[in-house]
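**Q** Fold the following for me, if possible:
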Amino acid sequence: MVQIRKGFFFGAFLAMVFCLLACSVSKMTSEEKRMKRMMIAQKVKDSLDNRTFKIDLNYVIPRRMRAHSLEYGYSIQVKGDSVDAYIPFFGEAYRAEYGIQDEGLKYKGPMSGYEVLPVKKDLYRVNILAKKPLDEILYQIEVFENGVATLYVRSLNREDIRFNGEMVINE
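**A** Below you'll find the predicted structure:
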């Protein structure tokens with residue numbers, strides 16, 4: 001009986017210590033949260049203007065198939081005048097060349113066009129045009145000020161496809 005009481009009181013003591021420690025953890029004030037949001041928004045805008053950003057893709061929404069999450073490290077990255085798109089494709093291809101290994105929507109090379117447009121107060125649209133030997137791909141990225149992004153991919157030879165992801169923001 002005495003052993004049970006000691007265990008009970010010891011457990012109650014540990015629970016009180018844990019509660020006191022949890023309550024003493026400082027939380028961000030509303031002003032600190034606002035400043036952090038403004039800092040992230042400025043980093044997003046600077047990244048788009050400087051043409052140096054990466055968006056990690058985590059969800060795909062094909063036109064004719066079920067939407068699902070992506071398990072692998074798919075992304076689109078812009079550095080200066082080049083784009084590196086490592087993107088899967090799910091859907092119908094309208095044209096396929098015989099004897100050429102199809103790489104889907106993957107592309108690494110120079111951009112034919114780059115344009116950043118403010119759509120709303122907290123939303124930017126980035127249009128990137130890439131030309132392959134037998135295809136032309138438009139990567140249209142909508143990025144919110146918090147870094148959340150949607151990528152629309154339009155190809156001459158394939159169905160449109162959409163991806164969701166987040167911009168990689170270095171703190």
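
**Q** Measure how buried residue 125 is and give me the count.
**A** 17 (other Cβ atoms under 10 Å). C-beta coordinates here come from the backbone N, C-alpha and C atoms, glycine included.

**Q** again with residue 134
**A** 11.

**Q** Run a quick check on it versus residue 155, I expect a contact.
**A** No. If you go by Cβ atoms under 8 Å, residue 134 and residue 155 don't touch, sitting 10.5 Å apart.

**Q** What's the first helix or strand after the worst-scoring helix or strand of the chain on mean pLDDT?
**A** The weakest-scoring helix or strand in the chain, judged by mean pLDDT, DSSP states H and E, is helix 2-24 (a mean of 60). Going down the chain from helix 2-24, the next helix or strand is helix 30-50, by DSSP states H and E.

**Q** Would you mind pulling up the elements that the following helix or strand past that following helix packs against?
**A** Next helix or strand after helix 30-50 toward the C-terminus (DSSP H and E): strand 52-62. Judged by 3 or more Cβ pairs under 8 Å, 6 or more residues apart in numbering; DSSP states H and E, strand 52-62 is in contact with strand 68-69, strand 75-79, strand 148-155, strand 161-167.

**Q** Can you check which of those strands gets nearest to residue 39?
**A** Residue 39 sits nearest to strand 161-167 of all the helices and strands packed on strand 52-62, at 13.7 Å, using Cβ to Cβ.

**Q** ok, and what's touching that closest one?
**A** 44, 47, 53-63, 70, 74-75, 87, 89-91, 105, 143, 147-153 (Cβ atoms under 8 Å, 6 or more residues apart in numbering).

**Q** Any chance of a ChimeraX selection covering the buried ones in those residues?
**A** For the buried members of the contacts of strand 161-167, the matching ChimeraX selection, counting by 16 or more other Cβ atoms under 10 Å, is:
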select :44,47,53,54,55,56,57,58,60,61,62,70,74,75,87,89,90,91,105,143,147,149,150,151,152,153
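
**Q** What separation do you get for the nearest residue to residue 151 once chain neighbours are set aside and residue 85?
**A** In space, and not counting its chain neighbours, residue 151 is closest to residue 163: 4.3 Å by Cβ to Cβ, 6 or more residues apart in numbering. From residue 163 over to residue 85 the distance is 10 Å, taken as Cβ to Cβ, to the nearest Å.

**Q** go on, residue 158?
**A** 13 Å.

**Q** who touches both of the two?
**A** Both residue 158 and residue 85 are in contact with residue 105, where contact means Cβ under 8 Å, 6+ apart.

**Q** how far away is residue 59 from residue 164?
**A** Distance from residue 59 to residue 164, counting by Cβ to Cβ: 4 Å.

**Q** With residue 54 instead?
**A** On the measure of Cβ to Cβ, residue 54 and residue 164 end up 15 Å apart.
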